[in-house]
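Peer 1: need a 3D model of the sequence below.
(2 chains)
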Amino acid sequence: MDELLGEFVAESRELLEALETQIVAWETDPGDKELLDSIFRFFHTVKGNCGFFDLPRLEKLSHFAEDALSDIRSGQRKPDSALVDAVLAIIDRISEMIEALEAGQDFPESDDEPLIAALEEDAEPDAGEIKAAVTGGGPRIRKGGPQRSIRLPVELLDRVMSGVSDMVVARNDLARRLHAMNGETGLEAPFNRLSTILTEVRDAMTRTRMQRIEQLFSTYPRVVRDLSAELGKQVMIELESGDVELDREMIELIRDPMMHMIRNAIDHGLETPAERRAAGKREIGTLSISARQTGNEIRIGIVDDGRGIDADKLVAKAIAAGTLTQEEAENLSPRERNALICEAGMSTRDQASAISGRGVGMDVVRANIERAGGSLSIDSTPGSGTRILLNVPLTLSIVPSLTFSVGDHIFAIPRSYVDEIVGIPEGDARRVQLGGKSFITIRERRIAALPVADVLQTAEAGAQIGSIFLVIRLVGGDTFALAVDEILNHEELVVKPITPEIMATGFYVGTTQLDDGSPVLMLDISGLAREAGMIQEVQHRSYIANLDSREVEEEQAVPMMLFSALDGVRRAVAMSAVIRVEKVLQDKVRLAGINSKVVIEERILPLAGIPEDFELGEKLSLFRISDGSGEVALAFEEMIDLVSLTENATKASDRDGSNALALIGGQPTEIVDCLALFEAFGMEAAEATSPVCRIPSDDPWMRDFLRPLVESAGYRVIDERAGEEADVAIAVASNGKSKPKLNGAQAILLRTAKDTRTKNDRSIYRYDRDGLMAALKAARTGS
Amino acid sequence: MGELLLLVIIDGERVAILASQVQSVIDLGKITPVPRCAAHVAGLAALRSQPLTVIDCAISLQLREERSEGRRAVVVKEKGHHYALLVDAVEDVTEGLSEAAEITTALKKGWRHAAQGMIETAEGPVLLADIPAIIEGPNGKPKPVDKVAA
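Peer 2: Reported below is the predicted structural model:
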């Protein structure tokens, strides 16, 4: 069964089960508004969900039932027993269908029309028929489908989880004691085994609770696509999950509200292409959904650039409905006016569509969010868009964190805030003191530095501030540096809420435990910054910045090769500089410190990255790094990963020798400065004599498959974008627009289809190795 | 039958805490101080994986200014959070022989808002501590006290 469908079935079943008692109560008191509301919501949810699946029968049934109940809710119709019967019959039919779905069978053959007809206000249904439908196939028997998962109470998981945490603390205690006995207890091996198992169990347990919010977000593109198609709108969705991990339970709690809000945004918020054109906007509406961890909350933003909320209409409606008096209305703030949309029975749409707009939804959304301890704020500018911020607490979430020390204190901060880590020693010209405030200069940018010890008053006034600076970038783009003494670790920490007394300081968002069980406080970055007067109003700034945050996020990412060097340091080198990764045998290497050399393909290359006292093993791994004319080999221990890094974090190191550090995968990583490398080693680098071939670099196939082939033909490969002269250029012909830039180079065209399209087509099928080699050879010899 | 009381010593004086409110009595290990927090919050400690906010009762009651040396603490749960109340010593569990009676005389400043009343025990009369008030500390909202004026 499709996973989404499975979720739909599970959800509907849960709703049905919850509804069972309410139905009985409703039967006896059809006028009860709350019961009516919850039954109404059931249909609304089912209807909304089946829109995504191809379930027209279910959708139709729930749509009509919803219509009838909507009339009752608005007071246009009085509930009578005939209607109650009809609604119950529909619930039963839906329940049968859901069971069929779950079992993977076809829907039971039956005619829905009588059920729908029975909903009609003046229908005089054949009572017998409806009753027959109600009691349908006798007592319902649940045919349990194949079980793929079980549902557990979260409380039970919590208990196991805290038990495991306790075990870890006990384990660490034991480890310390064993260590104190200098490994002579004979218990080390079994202890290590136990320890490994425990770590695994803990990881598994943690995972059972945590889910990446991405998993929730990943269903949205499809939803948005279907919805917009149905409503005749053009919507582009932007998702940014920010690597946020959220408690599974929390994700479940926000799942429905999110869906409702997305539906609302597309149905009500965004205009049709024609309307947008008329309003002078792009025809394609944008819906961006982002998740960020800010302080002790996960903030989810749903932003559309549609028509905004008509707050006046909301107020008028609320007054008409009697939920608001004229005087009260006048005293509302814009946010409060927008918040009226969350009152039950409010909708600014006069006409309901099949998707939403019955005034159910936002009230349910708010109720669900508040139940989760979260909050909702709505900002809207009529004509230009709506921004809904959903704040859900971080009751139990794992935060990738950086721990550091300041004096005797240890603190943690969420890693996501840290842009860069720089060490600038005391007395360095890049540190200045202006008007009692510290500033540091990084790449010609002056950044205010905030000694943690000063803000938290942990040190005597005038004491030295730390010399490690964490460059912090706040959501709004405000940048400042935190001065700390020492970076201790990067780790995933389980952050737990702190008590109101500690919260009141405004400097902390939570507490967490290190491996030895000692508590550590998680700092509230915005709180620190505000206290130090670094920013006027974090909230406000971040709001403004968020509206045009797109520019910021499009910062160019540079692919980097992450590796551990022979001296054990994590380093990264720009992919564009690396032309090849090689393994050479011992006898090709001559070690002589800075003058080390390696023989590759009959050429002698300078060899960098050899630490002092290095002993050569059987083989040596190295990168061949090219600056376009010369080559240097850089030895390494192990390749770790390919990563992308934003441009400004990878700028070359300062001339005074302090290495540029970037946070990659949370670990401080030195960036290899290729310029400096060539300056130091590249002097006598052999002139490039091989012919040059240019290939498009943005095509992974080209890069990964074609490049080695071309190189094996004796060519040096350069990037399409490089300005350098090339002897040969290769491009994919079928691509249409990508004609190779010739610049006097011979062109080799590749095609993706095996057979040629036209007689004159001289392109080569891209897997025709022999053909390609022949062409390359021909180009080299100039024939 | 009176309620069970845990008798503790705070700044040399015997004080009663309702035993039903007490989760456990522990000796705290390392306390992580919380810079710039109210003085009566001694810091954070952990009971296994459970974080505890450590409250120095003597400071909260304005009986002392310097931090208590002892490590003996009473663990209570208040509004979903766990607290460790640092006391000088924990004596015994005893049975309250009376209902908590109103206190008619003016107590020392810190106790005014933190005492629920006086209770008779086999050990003599003791003050019944108001846990939320002690946690809140001297700057918490004062209770509406009308007796003190007299």
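Peer 1: make it CA atoms for all contacts and neighbour counts henceforth
Peer 2: Fine.
Peer 1: got the domain ranges for the chain?
Peer 2: Picking chain A for this. Following automatic domain parsing, chain A resolves into domains at A:3-135, A:154-212, A:218-393, A:397-551, A:557-684, A:692-781.
Peer 1: chain B was what I was after
Peer 2: As assigned by automatic domain parsing, chain B contains the domains B:4-21+B:90-134, B:23-88.
Peer 1: among those, which comes closest to residue A:159?
Peer 2: Minimum separation from residue A:159 across the domains of chain B (C-alpha to C-alpha) falls at domain B:23-88, 11.4 Å.
Peer 1: off-centre distance for the closest one?
Peer 2: When distances are taken as C-alpha atoms, centre = their mean, to the nearest Å, domain B:23-88 is centred 10 Å away from the chain's centroid.
Peer 1: that one vs chain A: in contact?
Peer 2: Yes - Domain B:23-88 is in contact with chain A by C-alpha under 8 Å from any C-alpha of the partner chain, via B:30-38, B:41, B:44-46, B:48-49, B:51, B:53, B:81.
Peer 1: give me the element the nearest residue to residue A:517 once chain neighbours are set aside is part of.
Peer 2: Computed as C-alpha to C-alpha, 6 or more residues apart in numbering or on different chains, the closest residue to residue A:517 that is not its neighbour in sequence is residue A:169, at 5.5 Å. Using DSSP states H and E, residue A:169 maps to helix A:154-180.
Peer 1: buried sites along that helix?
Peer 2: Using 16 or more other C-alpha atoms under 10 Å in any protein chain shown as the test for burial, helix A:154-180 gives A:161, A:162, A:164, A:165, A:166, A:167, A:168, A:169, A:171, A:172, A:175, A:178.
Peer 1: wait, the first one touches residue A:204, no?
Peer 2: If I follow you right, that is residue A:161. No - using C-alpha atoms under 8 Å, residue A:161 is not in contact with residue A:204; the gap is 9.8 Å.
Peer 1: what touches both of those two?
Peer 2: Taking C-alpha atoms under 8 Å, 6 or more residues apart in numbering or on different chains as the contact criterion, residue A:161 and residue A:204 have no common neighbours.
Peer 1: now the element after the lowest-mean-pLDDT helix or strand in chain B, going C-ward?
Peer 2: Ranked by mean pLDDT, DSSP states H and E, the helix or strand of chain B with the weakest confidence is helix B:109-112, at a mean of 81. Downstream of helix B:109-112, the first helix or strand assigned by DSSP H and E is strand B:115-121.
Peer 1: can you tell me what sits against that next one?
Peer 2: The contact list for strand B:115-121, computed with C-alpha under 8 Å, 6+ apart, reads B:94-103, B:125-130.
Peer 1: give me the subset of those lying in helices.
Peer 2: Secondary structure from DSSP state H places none of these in helices.
Peer 1: quick one, which of the residues you listed are buried?
Peer 2: Applying 16+ other C-alpha under 10 Å to those flags B:94, B:95, B:96, B:97, B:100, B:103, B:125, B:126, B:127, B:128, B:129, B:130 as buried.
Peer 1: what's opposite residue A:239 in the beta bridge?
Peer 2: Residue A:239 has the following beta-bridge partners by DSSP bridges: residue A:289.
Peer 1: enumerate every residue touching it.
Peer 2: Counting by C-alpha under 8 Å, 6+ apart, residue A:239 has contacts A:217, A:288, A:289, A:290.
Peer 1: the same query, at a cut-off of 10 Å, please.
Peer 2: Residues near residue A:239 by C-alpha atoms under 10 Å, 6 or more residues apart in numbering or on different chains: A:214, A:217, A:218, A:220, A:221, A:287, A:288, A:289, A:290, A:291, A:302.
Peer 1: so who does residue 11 touch?
Peer 2: Defaulting to chain A. Residue A:11 is in contact with A:5, A:17, A:45, A:46, A:49, counting by C-alpha under 10 Å, 6+ apart.
Peer 1: nope, chain B
Peer 2: Contacts of residue B:11 (C-alpha under 10 Å, 6+ apart): B:57, B:58, B:59, B:61, B:63, B:64, B:68, B:87, B:88, B:89.
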